[in-house]
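# what's the 3D shape of this:
(one chain, ligands or ions: 1)
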Amino acid sequence: MSRFPDGFLWGGAVAANQVEGAWDADGKGPSVADIATYKPHLDLKDFAAHHVVTSASIAAALADPDVTHYPKRRGIDFYHRWRDDLALFAELGFTVLRVSIAWSRLYPTGEEEALNPAGVAFYRELFTQMRRLGIEPLVTLSHYEMPIALAVKYNGWSDRRVIELFVRFATTCFTEYGDLVKLWLTFNEIDSIRRHPFTTAGVIEDKSTQGFEQAIYEALHHQFVAGAEATRLCHELVPGGRMGCMLTKLITYPLTCEPGDVAAAQARNLENMFYTDVQTLGAYPRLTLVDLENRGIRLPILPGDEELLAAHTADFVSFSYYMSMAESVSPDAERTPGNTVLGVKNPYLQSSEWGWQVDPVGLRISLIDLYDRYRKPLFVVENGFGARDEVTPEGRIHDPYRVAYFKGHLREMRRAVEQGVELMGYTSWAPIDMISAGTSQITKRYGFIHVDFDDLGNGSGERRKKDSFDWYQRVIATNGASLDEE
Ligand code: BG6
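As a prediction, this is how the structure comes out:
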């Protein structure tokens, strides 16, 4: 028996910079994603080094036309194959698809007076076709793809002038697509700004004359303000429009019940939730303000900002959930990578090849924590398992590990719904293999649909259904009732 409400939205999520490719086609300008290099051998435990971007490295990348070592430039060629891909999503039974709009397809440098008509037309056709297929678009305004020109000229979001440019872009999106798109998200994983400031907000260390940390929090404050303004505009310009905020839900358990471990885990969890506190409760939490003050960080709050944040909070809270981690005060505690974080290894959990600790129950705990704290509808907008897949000589892809991951998480999600959590929908990450955000590999595969490209872009690009395709199709067709099957 299914206990998901009628009308529950089932689907998948992608991001423009990881699927579209065509990075310089039809007038598109380069974005911060287009300088991300292929990092298969990344030291998973050294995220700081992994995310270093300098003015010199940006200039070198922009002068380099190569697409092999900048995989997000080629994506999975969704820009040309989107009709076929949407047909496969419709075959899966999707009622929702999360996509993002590449800002630099509409405004190549972010500052043009005139819109790029080819970019506008691309998304209009995409959303129109989604509607025809009965798929509700859920659209992220900013998913790690700001025009790189703004990063270089303004040091990204650390400059307040970027707010106005983003608001103009958001206004364009609402007026061009508001008849087709009702569900919107402001910033993907806004909290990630501290883990990869360049990818999230275009902030470059060597341009941060007042200090890198200071620039990061300036950028974050500007994103909060821009998000509140975009929420206001969404309500004004999109009939029936709803705006969500979006968090990387990183849940941390104490490694032991030694109170020091509990306090260390609490600190991480509070830090993780502070972002949605601002976006949902409408004000900076006092604990965060004191913490920033103690660290010598000054928030660039101008008159009117606090009123705006308070007046235009998110309508719903969306989040990604992939893994959990533990924390401990013991210097000997073994650490393992997660989604752009390092946490302590939890002896009760298994990890993926990339070290991410698989924890379905953590999804239930997250849903309950978030719902209890914010009392707003939730939306799981990313959840999935990156793994290498083998194509058999017969052309089949058997991926029971992926089915096991999803089955575990969806069952726990259902339990949270049974406990009273209001959940609007679920979009898996990702329905189709794509370029990894972290390592730019495609061989870290997430999809129900296999894409015949290797990490260097060799291959036909042909799409092929994996075993998990049929499994997810049945989950959707039965509104989750098939999760009771073994
Ligand atoms: C999320 C991002 O944090 O994690 C996605 O929003 C990303 O863009 C996903 O793809 C999985 O991470 P990765 O590094 O395996 O692609």
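# for the record, mean pLDDT for stretch 120-133?
Summarised as a single mean, pLDDT over stretch 120-133 is 98.
# what residues does that stretch touch?
Around stretch 120-133, the neighbours that count as contacts under Cβ atoms under 8 Å, 6 or more residues apart in numbering are 26, 79, 82-83, 86-87, 89-90, 94, 97, 99, 101, 105-106, 136-137, 139, 172, 176-177, 180-181. All C-beta atoms are positioned from the backbone trio N, CA, C, and that covers glycine.
# and the residue of the stretch 351-486 of the chain found nearest the ligand, how many neighbours does it have?
Residue of the stretch 351-486 of the chain nearest the ligand, by Cβ to the nearest ligand atom: residue 438 (2.8 Å). Neighbourhood size, residue 438 [other Cβ atoms under 10 Å]: 20.
# ok, back up a step: among the contacts of stretch 120-133, name the ones in helices.
Those of the contacts of stretch 120-133 mapping onto helices are 79, 82, 83, 86, 87, 89, 90, 105, 106, 172, 176, 177, per DSSP state H.
# my guess is the first one contacts residue 24, does it?
Looking back up the chat, that one is residue 79. No: the criterion here is Cβ atoms under 8 Å, and residue 79 misses it with residue 24 at 11.0 Å.
# which of the two has more neighbours?
Per other Cβ under 10 Å, whichever of residue 79 and residue 24 has more neighbours is residue 79, with 21 against 14.
# OK, contacts around the nearest residue to the more buried one once chain neighbours are set aside?
In space, and not counting its chain neighbours, residue 79 is closest to residue 22: 3.7 Å by Cβ to Cβ, 6 or more residues apart in numbering. For residue 22, the contact set (Cβ under 8 Å, 6+ apart) comprises 28, 75, 77, 79, 80.
# now rank the residues you listed by neighbours and give me the top one.
Going by other Cβ under 10 Å, residue 75 tops those with 27 neighbours.
# what score does the nearest residue to it once chain neighbours are set aside have for pLDDT?
Closest residue to residue 75 apart from its sequence neighbours, by Cβ to Cβ, 6+ apart: residue 21 at 3.4 Å. On pLDDT, residue 21 comes in at 98.
# so the residue nearest to residue 79, which of the three states?
Following DSSP: H, G, I helix; E, B strand; the rest coil, we place residue 22 in the coil state.
# ok, back up a step: just checking, the residue nearest to residue 75 touches residue 81?
No: contact between residue 21 and residue 81 fails when scored by Cβ under 8 Å: they sit 9.2 Å apart.
# looking at these two, which is more packed in?
Using other Cβ under 10 Å as the criterion, residue 21 and residue 81 rank with residue 21 on top: 23 against 19.
# please enumerate the helices of the stretch 251-400 of the chain.
Under the criterion DSSP state H, counting those that start in this stretch, the stretch 251-400 of the chain contains helices at 259-276, 286-294, 305-311, 360-374, 400-418.
# export the ones you listed as JSON lines, with columns for mean pLDDT, mean neighbour count and distance to residue 331.
Shown next, in JSON lines, are the helices of the stretch 251-400 of the chain (pLDDT from 0 to 100; neighbours: other Cβ atoms under 10 Å; distance: least, Cβ to Cβ, whole Å):
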{"stretch": "helix 259-276", "mean pLDDT": "97", "mean neighbour count": "18", "distance to residue 331": "12"}
{"stretch": "helix 286-294", "mean pLDDT": "97", "mean neighbour count": "13", "distance to residue 331": "23"}
{"stretch": "helix 305-311", "mean pLDDT": "98", "mean neighbour count": "15", "distance to residue 331": "39"}
{"stretch": "helix 360-374", "mean pLDDT": "98", "mean neighbour count": "19", "distance to residue 331": "25"}
{"stretch": "helix 400-418", "mean pLDDT": "98", "mean neighbour count": "19", "distance to residue 331": "32"}
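# mind putting these into TSV with distance to residue 382?
TSV is the format used below for the helices of the stretch 251-400 of the chain (distance: least, Cβ to Cβ, whole Å):
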stretch	distance to residue 382
helix 259-276	15
helix 286-294	24
helix 305-311	25
helix 360-374	11
helix 400-418	11
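# mind putting those helices into CSV with distance to the ligand?
Shown next, in CSV, are the helices of the stretch 251-400 of the chain (distance: least, Cβ to the nearest ligand atom, whole Å):
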stretch, distance to the ligand
helix 259-276, 13
helix 286-294, 22
helix 305-311, 23
helix 360-374, 14
helix 400-418, 13
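# tell me the contacts of residue 25?
Contacts here follow Cβ under 8 Å, 6+ apart; on that basis residue 25 touches residue 79.
# er, residue 249 I mean
272, 319, 320, 321, 366, 370.
# looking at the residues you listed, which is nearest residue 9?
Closest approach to residue 9 among the contacts of residue 249 (Cβ to Cβ): residue 319, at 15.0 Å.
# surely that closest one touches residue 373?
No: using Cβ under 8 Å, residue 319 is not in contact with residue 373; the gap is 11.9 Å.
# in the protein, what secondary structure element scores lowest on mean pLDDT?
helix 47-50 (a mean of 67; mean pLDDT, DSSP states H and E).
# contact partners of the helix or strand just after it?
In the C-terminal direction, the helix or strand that comes right after helix 47-50 (DSSP states H and E) is helix 55-62. With contact meaning Cβ under 8 Å, 6+ apart, helix 55-62 is reached by 30, 34, 35, 37, 70, 148, 151, 152, 204, 206, 207.
# in a markdown table, list the residues you listed along with neighbour count.
Formatted as a markdown table, the contacts of helix 55-62 follow (neighbours: other Cβ atoms under 10 Å):
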| residue | neighbour count |
| --- | --- |
| 30 | 22 |
| 34 | 22 |
| 35 | 22 |
| 37 | 16 |
| 70 | 21 |
| 148 | 25 |
| 151 | 28 |
| 152 | 18 |
| 204 | 22 |
| 206 | 12 |
| 207 | 19 |
